[in-house]
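Participant: Sequence first, then the predicted structure, then my questions.
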Amino acid sequence: MLEFKNVHFAYPGGEPVLNGIDLKLAEGEHVGLIGANGAGKSTLMKAALGLIYVEGDILVDDTKVSRDTLSEIRSKLGFVLQDSDSQMFMPTVLDDMIFGPMNYGMSKDEAVALAEETLEKLGISHLRDRHNHRISGGEKRMAAIATILAMKPKLMLMDEPSTALDPCNRRKLITTLNELPVTKIIASHDLDMILETCDRVVLIDNGKVVADGETLTILSNKKLLEEHRLELPYCLAGIPMKPKRISK
C-alpha cells in the first residue's frame, strides 16, 4: 500500500533529515511512527504526499509519487496535519469537510450527508456550522480529523493527532481509529495512544529506521526507547500518577 525505497532528503543548506529510509506498509496495517523531535517523522509523511521531493522512490498503491501523479496519489491519501490551522482554511467546519469530497467528484448532497455522518460518529455535530476561527484548539483538532475521515481515504497519515485533545475527545479519537478499516500510519509522541491503536511500530532516529516490529515488543523495551530519547508509555512504566496538592 505504501513503500519507501532508499529515500533521502535534506532541506536547503541543512543536514540530511531522511537517510536511506526503506519501509513497506501492507494494506490494512496500522503502524505507529515514533521518534524524538527532529527524527524525521513529519518529513517522511510530507514526502509521501508529494509536498517535498526526495531522492529515492515512494509508491502508493504501486503508483510512484511524482509531479505527474499527485492528483491520483492525493485522492487515495488522507493527511491530518500537525497544525490544524494549516488544514482548516474554509469559513466553517462543514465547508471544509465537503471541499475535498466535492473536489474529487462527489455531489454536494452526498458530501454533506457524509460530513454529517462523520461529525455524528465523532460526537461533534455541534461544530457543523461553526466558524473555524471561533472554535478552540481541541475542537479544531477534532474538526480537522473529521475533515479527513469524510474523504474516505484508502490510506490515512496522521501527524500528532491527539495534540490539544482533552481526555474525552482523545478517547473518541482512539475508538474511531480502531474502527476504521483503512491502512493507517500515525506519527505521535503519545505512546499510550500508539499502544492502543497500532499493531506495528516503526522507530526512526536521525532519518533512519532503527527498529520495526510488533507494538508491545518495541514500546516495552525501555533500553531501546531511552537510547533514542523516548520513554516507556505511562501504562507500561508502572508510574503512579499522583494528583498535585492544592495549597489552601
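Facilitator: The structure has been received and is ready for your questions.
Participant: by contact count, what packs against the lowest-mean-pLDDT helix or strand in the chain?
Facilitator: One helix or strand of the chain scores below all others by mean pLDDT, DSSP states H and E: helix 137-149, with a mean of 84. Counting contacts by 3 or more Cβ pairs under 8 Å, 6 or more residues apart in numbering; DSSP states H and E, helix 137-149 is packed against strand 77-80, helix 93-103, helix 108-122, helix 167-179. Where you see a C-beta, it was placed from the backbone N, CA and C, and this is true even at glycine.
Participant: how about those, which one is nearest Ile148?
Facilitator: Nearest to Ile148 among the helices and strands packed on helix 137-149 is strand 77-80; the distance by Cβ to Cβ comes to 3.9 Å.
Participant: for the chain, what spans make up the strands?
Facilitator: Here the chain has its strands, by DSSP state E, at 2-10, 16-25, 30-34, 55-60, 63-64, 77-80, 155-159, 183-187, 200-205, 208-214.
Participant: Go through these and find the least confident stretch.
Facilitator: When the strands of the chain are compared on mean pLDDT, strand 77-80 scores lowest, with a mean of 88.
Participant: about what we covered before: could you dump the strands of the chain into a markdown table and include mean neighbour count and distance to Gln87?
Facilitator: Below are these laid out as a markdown table (neighbours: other Cβ atoms under 10 Å; distance: least, Cβ to Cβ, whole Å):
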| stretch | mean neighbour count | distance to Gln87 |
| --- | --- | --- |
| strand 2-10 | 18 | 20 |
| strand 16-25 | 18 | 22 |
| strand 30-34 | 24 | 19 |
| strand 55-60 | 17 | 20 |
| strand 63-64 | 12 | 24 |
| strand 77-80 | 22 | 7 |
| strand 155-159 | 22 | 10 |
| strand 183-187 | 24 | 15 |
| strand 200-205 | 22 | 23 |
| strand 208-214 | 15 | 27 |
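Participant: before we move on, the earlier item: same list, the helices and strands packed on helix 137-149, but as CSV with distance to Ile148 please.
Facilitator: Shown next, in CSV, are those (distance: least, Cβ to Cβ, whole Å):
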stretch, distance to Ile148
strand 77-80, 4
helix 93-103, 8
helix 108-122, 9
helix 167-179, 11
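Participant: For the most centrally placed residue in the chain, give the beta-bridge partners.
Facilitator: Residue closest to the mean C-alpha point of the chain, counted by Cα atoms, centre = their mean, is Met158 at 0.7 Å. On the basis of DSSP bridges, Met158 is bridged to Val80, Ile186.
Participant: ok, it - contacts?
Facilitator: Residues in contact with Met158 (Cβ atoms under 8 Å, 6 or more residues apart in numbering) are 79-80, 145, 184-188.
Participant: Mind picking the one among those residues that's closest to Glu3?
Facilitator: The shortest approach to Glu3 among those belongs to Ile185, at 12.0 Å (Cβ to Cβ).
Participant: so what's the closest residue to the closest one other than its chain neighbours bridging to?
Facilitator: Spatial nearest neighbour of Ile185, excluding adjacent residues (Cβ to Cβ, 6 or more residues apart in numbering): Val31 at 4.7 Å. For Val31, the beta-bridge partners are Ile185, Arg200 (DSSP bridges).
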